[in-house]
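**Student:** The following comprises the amino acid sequence and a computationally predicted model.
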Amino acid sequence: MVDLEQLRSRKGAVRRSEIPSNVVTALNRGELETVNLVEFLIVDHVKLFRAVRPSLDLDDRAAKQIAATLKRLADEGVMQRLVQTGIAFHESLPDADRREVVYQQLAGHTSDTLRNWAAYMDAADAGMTFSKRLKRVRPFALDPNMGVREIAWMCVRLPAANEIVTQIEKLVPWAKQKHHYARRFAIELSRPCGVWTKHITELKQRPEVAETLLETCCTDESKYVQDSVANWLNDASKTRPDFVQSVCDRWLAEYDSPHTQRIAHRALRTLRKKSGGK
């Protein structure tokens, strides 16, 4: 019998071939969550859904529709699979009450992949307001699993990129929250370029829209948040070097903080490289 408690304390493998077979089996049964990107990419979503299906409040019609979607997407990239799986869950459950029941079952599951499916169910809801998206995404933004935290901002950005620009003031309270995961979410959600997601052209051209949000975290003690702020500015430096240089110069003059110094140094890395510096 597999000792799941022992497996939960494992250190993630560096290569797929190094993942123990009992870990792969437990991941595909929904008994474990992944601990790194290598494991995240090896999960068989078809097998996983088949294993957890009995625990979900799905009728046969909905279950068949979701299973067919997962099978069709088996050879697609993992992000495409997550997006389309969220759509499949949303569309196969037209009754709002039943959809919410399944959503909560996914959102509270041991498997981080199922929690990601829940997050993308909300992404598939075109009628959801930006404020409601922020409220609903909070548990995922604060999730202990790093992969779920990354999916959290992606599943808001995917359907609401334009609203990030027009309602960016709604992210400022997030940037002031005590939990550094929340602060990091606010910055990462609004990055001009981002990772594994479409760029926000307006923020690339007018990064000053986010200046108040960024300055809220310019002395942040958390390296997790510092890196996000620095990466945001480094993104912007590729299209608006003047803005980034000006902001960093001002922060360094106004804030006597080693955290600000670290952010500015990392934020200016692309500009230093272009000028021949280190």
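**Tutor:** Nice, I can see it.

**Student:** In CSV, please show the C-alpha coordinates belonging to the lowest-mean-pLDDT helix or strand in the chain.
**Tutor:** Within the chain, no helix or strand scores below helix 4-8, which has a mean of 86 by mean pLDDT, DSSP states H and E. C-alpha atoms of helix 4-8 as CSV (Å, rounded to 0.1, in the frame of the first residue of the first chain):
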residue,chain,number,x,y,z
LEU,A,4,0.7,9.0,0.7
GLU,A,5,2.0,11.0,3.7
GLN,A,6,5.5,10.0,2.9
LEU,A,7,5.0,10.9,-0.8
ARG,A,8,3.6,14.3,0.1
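
**Student:** Just the residues contacting it, thanks.
**Tutor:** 22-23, 26, 31-32 (CB atoms under 8 Å, 6 or more residues apart in numbering). Using the backbone N, CA and C atoms, a C-beta is placed for each residue, glycine as well.

**Student:** and if you look at stretch 41-61?
**Tutor:** Identification of contacts with stretch 41-61 by CB under 8 Å, 6+ apart yields 16, 19, 24, 27-30, 34, 63, 66-67, 70-71, 73-74, 78, 81, 85, 92-93, 98, 101-102, 105-106, 109, 111, 113-114.

**Student:** how far does it stretch from start to finish?
**Tutor:** 28 Å (CA to CA, to the nearest Å).

**Student:** again, but for stretch 202-214
**Tutor:** Start-to-end span of stretch 202-214 (CA to CA) is 16 Å.

**Student:** Pull the distance from it to the chain's centre.
**Tutor:** How far stretch 202-214 lies from its chain's middle: 20 Å, per CA atoms, centre = their mean, to the nearest Å.

**Student:** again, but for stretch 98-117
**Tutor:** With CA atoms, centre = their mean, you get 16 Å for stretch 98-117.

**Student:** what do you get for stretch 218-238?
**Tutor:** That offset, for stretch 218-238, works out to 16 Å (CA atoms, centre = their mean).

**Student:** same question, stretch 265-278
**Tutor:** Distance, centroid of stretch 265-278 to centroid of chain: 27 Å (CA atoms, centre = their mean).

**Student:** Of all the residues in that stretch, which ones are buried?
**Tutor:** By neighbour count on 16 or more other CB atoms under 10 Å, the buried set for stretch 265-278 is 266-271.

**Student:** Equivalent analysis for stretch 88-100, please.
**Tutor:** Buried residues in stretch 88-100 (16+ other CB under 10 Å): 88-90, 92-93, 99.

**Student:** Residues in contact with it: which ones?
**Tutor:** So stretch 88-100 is in contact with 57-58, 61-62, 65-66, 69-70, 102-103, 106, 117, 120-121, 124-125, going by CB under 8 Å, 6+ apart.

**Student:** State the mean pLDDT of that stretch.
**Tutor:** Averaged across stretch 88-100, the pLDDT comes to 96.

**Student:** go on, stretch 166-185?
**Tutor:** 97.

**Student:** can you check stretch 15-25 too?
**Tutor:** Averaged over stretch 15-25, pLDDT sits at 95.

**Student:** Ends of that stretch, what's the gap?
**Tutor:** Its first and final residues considered, stretch 15-25 spans 16 Å by CA to CA.

**Student:** the helices in the stretch 101-250 of the chain, which residues?
**Tutor:** Using DSSP state H, counting those that start in this stretch, the helices assigned to the stretch 101-250 of the chain run over residues 112-123, 130-141, 146-166, 172-175, 180-189, 201-205, 211-216, 223-237, 241-254.

**Student:** most tightly surrounded among these?
**Tutor:** Comparing the helices of the stretch 101-250 of the chain by mean neighbour count (mean count of other CB atoms under 10 Å), helix 112-123 ranks first with a mean of 25.

**Student:** what helices or strands is that helix leaning on?
**Tutor:** Counting contacts by 3 or more CB pairs under 8 Å, 6 or more residues apart in numbering; DSSP states H and E, helix 112-123 is packed against helix 45-52, helix 78-92, helix 96-107, helix 130-141, helix 146-166.
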